[in-house]
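Trainee: with the sequence up front, the predicted model follows.
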Amino acid sequence: MIHPLISVDELAAALAGPRPPRLLDCRARLGDPDAGRGLWRQARLPGSHHLDLDRDLAGPPGEGGRHPLPTRDAFTASLQRLGLTPDVPIVVYDDRGAQLAAARAWWMLACWAGHPEVRVLDGGLAAWQAAGGALEEGEAVDPRPSDWAPAYRDDAWLDADRVFSGRALKVDARAPERFRGEAEPIDPVAGHIPGAVCRPSADNLTADGRFKLPAELEAELPDADEVVAYCGSGITACHDILAYAVAGRPLPRLYPGSWSEWIRDPARPVSRGR
């Protein structure tokens, strides 16, 4: 797998090069499904198209959790609508320092759909603007649709039953107080999956919102022969998986349903505290 991050300078050079990447704006606001596209219309990286968290990067909420994976057919339709192909590099970004939606897009494109050249803009929109990068606004010309039919890699993720019965180290990307069950602002049950360890996604970043250096992440990330990443609804966990990729470590598998699915079955155990 290629290095999963691209800096602002590297992106500017790539956009002026012979194989400019397709830019995907992944901005989103939880609880407001129309906000991301509105932000994209207001101002965006030139030539970018919007990849929607709720409509493209997740299926309808329900028994599979708050942000389950979309069906293969649904995600393929999104990829084709955006004109994506394996031959054109992709750069994804959002506007929050944590880059959570962009990390989910990276995982779905690179790890699940198998696109060979997907990178996350390190520091996101803020880094682009801080470097003096131009923005565009208004409507955009729709891309020419593609016929890309990915060969999905379903071994990149686990369902609840395999998480329950497996021996993988479970790494929880939520904030420590949610992991310990001291606060739960979203889901109806607090706590974590028994045996899990907490690796908050915020710990993957420096103070300026960029990823820590590979050596630093290598020293910090939980280590085991087999790792599965989860969070509240399968979004933030992708940030931890991205951190493993930055560190050059074997990638954890994603539990897409995460805590919001786990707690739907009262037979599944719940732990609280450390």
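Mentor: Yes, it's here.
Trainee: how about the lowest-mean-pLDDT helix or strand in the chain, which residues are buried there?
Mentor: Lowest on mean pLDDT, DSSP states H and E among the helices and strands of the chain sits helix 35-42, with a mean of 90. For helix 35-42, the neighbour count (16 or more other C-beta atoms under 10 Å) marks 36-37, 39-40 as buried. Where C-beta positions appear, they are placed from N, C-alpha and C, glycine not excepted.
Trainee: of all those residues, which comes closest to residue 233?
Mentor: Residue 233 lies nearest to residue 36 out of these, by C-beta to C-beta, at 16.0 Å.
Trainee: isn't that closest one up against residue 49?
Mentor: No. With contact defined as C-beta atoms under 8 Å, residue 36 does not reach residue 49; the gap is 11.9 Å.
Trainee: overlap in contacts of the two?
Mentor: The contact sets of residue 36 and residue 49 overlap at residue 25 (C-beta atoms under 8 Å, 6 or more residues apart in numbering).
Trainee: tell me which residue is most central in the chain.
Mentor: Among the residues of the chain, the one closest to the centroid is residue 104, at 1.7 Å (C-alpha atoms, centre = their mean).
Trainee: in a helix, it, correct?
Mentor: Yes. Assignment of residue 104 by DSSP: H, G, I helix; E, B strand; the rest coil places it within a helix.
Trainee: quick one: average pLDDT of the helix or strand residue 13 falls within?
Mentor: Element membership for residue 13, per DSSP states H and E: helix 8-15. Averaged over helix 8-15, pLDDT sits at 97.
Trainee: in it, what counts as buried?
Mentor: So helix 8-15, judged by 16+ other C-beta under 10 Å, has buried residues 8, 11-12, 14.
Trainee: and if you look at stretch 148-166?
Mentor: Applying 16+ other C-beta under 10 Å to stretch 148-166 flags 148, 150, 152, 156-158, 160, 163 as buried.
Trainee: also stretch 48-66?
Mentor: 48-59, 64-66.
Trainee: alpha carbons only: can I get that stretch in CSV?
Mentor: C-alpha atoms of stretch 48-66 as CSV (Å, rounded to 0.1, in the frame of the first residue of the first chain):
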residue,chain,number,x,y,z
SER,A,48,-13.2,18.6,-5.9
HIS,A,49,-16.4,16.7,-5.7
HIS,A,50,-18.5,15.9,-2.6
LEU,A,51,-18.4,12.4,-1.1
ASP,A,52,-21.3,12.3,1.4
LEU,A,53,-20.8,10.6,4.8
ASP,A,54,-24.5,9.7,5.2
ARG,A,55,-25.4,9.0,1.6
ASP,A,56,-22.2,7.5,0.1
LEU,A,57,-20.1,6.3,3.0
ALA,A,58,-22.8,4.6,5.1
GLY,A,59,-26.0,2.7,4.7
PRO,A,60,-29.3,3.6,6.5
PRO,A,61,-29.0,3.4,10.3
GLY,A,62,-30.7,0.5,12.1
GLU,A,63,-29.8,-2.9,13.4
GLY,A,64,-26.3,-2.6,11.9
GLY,A,65,-25.6,0.6,13.9
ARG,A,66,-25.6,4.3,13.2
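Trainee: ok so, going back, which ones among the buried residues of stretch 148-166 lie within helices?
Mentor: When these are checked against helices (DSSP state H), the matches are 160, 163.
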